[in-house]
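**Q** got a sequence here, can you build the structure:
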Amino acid sequence: MTATRAKTFNCPVHGHFDLPAECVAIIDTPEFQRLRELKQLGLTYYVYPGASHGRFEHSLGVAHLAGSWAQHLLGSFRSDGNLHREDRHSVRALELAALCHDLGHGPFSHVFENELLPRVLGESAAATWHHEDMSERILDHCVDANSLDLGPGFSGRKELGLVKDLMRGSLAQDGPDDASPGAPGGTGMFGSQGAGGGGGHGGPALLPKDPEKRWLFDILANKTNGIDCDK
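**A** Next comes the predicted model:
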């Protein structure tokens, strides 16, 4: 199943914006619709009634920002100001990653993994559970259960590697040969000390050697200074 058209959303923060058909296909699944019931700020709305926005609208906004940033930066990088075919593929991968980055959150968001799981599973077992890992697993399930075809380059679970890498902010451990660990103390596309990702949670991020690709990993999950669109 694939959505046949893009869709326009009206956001109280960003106003009207469009998301492509590939994103709409995921949005229309039960796995993504579940995010409507998850509060972005956990239990905060019990004290501050206005803090009631959810992971659903947050994820839509992050997808919009990620795509906009990537298009602007790539357009500025190209001498003719036009996106190349590989640029459009990168933008689409980043939009999908931004849209799906919070799929793995449990009830009450971070309260679930930071407070509830340690009490239920114990500290050591809970320390191995990360919503980022669960987001990747739910994305796989979402694609399989709904028979999603997200277009060229994203037509199945095996072709979602780049999307998952961008969600993680790091290449997978078994990534391509053109990858190298971020250099401790480095910054941005030239190497970064990651808080998670390829080296595991708390290890150095594994990034592409090609500087034209590295900066894409900082848009959604900046491991260097936290300045990214996931806010």
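**Q** starting at the chain centroid, how far to the top helix by length along the chain?
**A** The helix spanning the most residues in the chain, taking DSSP state H as the definition, is helix 55-77. Put simply, helix 55-77 sits 11 Å off its chain's centre (C-alpha atoms, centre = their mean, to the nearest Å).
**Q** quick one: list the elements packing against the helix or strand just after that helix.
**A** Per DSSP states H and E, helix 55-77 leads on to helix 85-100 as the next helix or strand towards the C-terminus. Helices and strands touching helix 85-100, by 3 or more C-beta pairs under 8 Å, 6 or more residues apart in numbering; DSSP states H and E, are helix 21-27, helix 55-77, helix 131-145, helix 161-168, helix 216-220. To be clear about C-beta, it is placed using only N, CA and C from the backbone, and glycine gets the same treatment.
**Q** CA atoms of the longest helix of the chain as PDB?
**A** In PDB, the C-alpha atoms belonging to helix 55-77 read as follows (Å, rounded to 0.1, in the frame of the first residue of the first chain):
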ATOM      1  CA  ARG A  55       4.200  12.900  19.800                       C
ATOM      2  CA  PHE A  56       2.000  12.800  16.700                       C
ATOM      3  CA  GLU A  57       2.100  16.600  15.900                       C
ATOM      4  CA  HIS A  58       5.700  16.800  17.100                       C
ATOM      5  CA  SER A  59       6.700  14.100  14.600                       C
ATOM      6  CA  LEU A  60       4.900  15.900  11.700                       C
ATOM      7  CA  GLY A  61       6.700  19.100  12.600                       C
ATOM      8  CA  VAL A  62      10.100  17.500  12.800                       C
ATOM      9  CA  ALA A  63       9.600  15.800   9.400                       C
ATOM     10  CA  HIS A  64       8.700  19.200   7.900                       C
ATOM     11  CA  LEU A  65      11.700  20.900   9.500                       C
ATOM     12  CA  ALA A  66      14.100  18.200   8.500                       C
ATOM     13  CA  GLY A  67      13.000  18.300   4.900                       C
ATOM     14  CA  SER A  68      13.100  22.100   4.700                       C
ATOM     15  CA  TRP A  69      16.600  22.300   6.200                       C
ATOM     16  CA  ALA A  70      18.000  19.600   3.900                       C
ATOM     17  CA  GLN A  71      16.500  21.200   0.800                       C
ATOM     18  CA  HIS A  72      17.800  24.600   1.700                       C
ATOM     19  CA  LEU A  73      21.300  23.400   2.500                       C
ATOM     20  CA  LEU A  74      21.500  21.100  -0.500                       C
ATOM     21  CA  GLY A  75      20.200  23.900  -2.800                       C
ATOM     22  CA  SER A  76      22.800  26.300  -1.400                       C
ATOM     23  CA  PHE A  77      25.600  23.700  -1.900                       C
END
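**Q** so Asn10 is in which element?
**A** Here Asn10, judged by DSSP H and E, is contained in strand 7-11.
**Q** with that, I have no additional questions.
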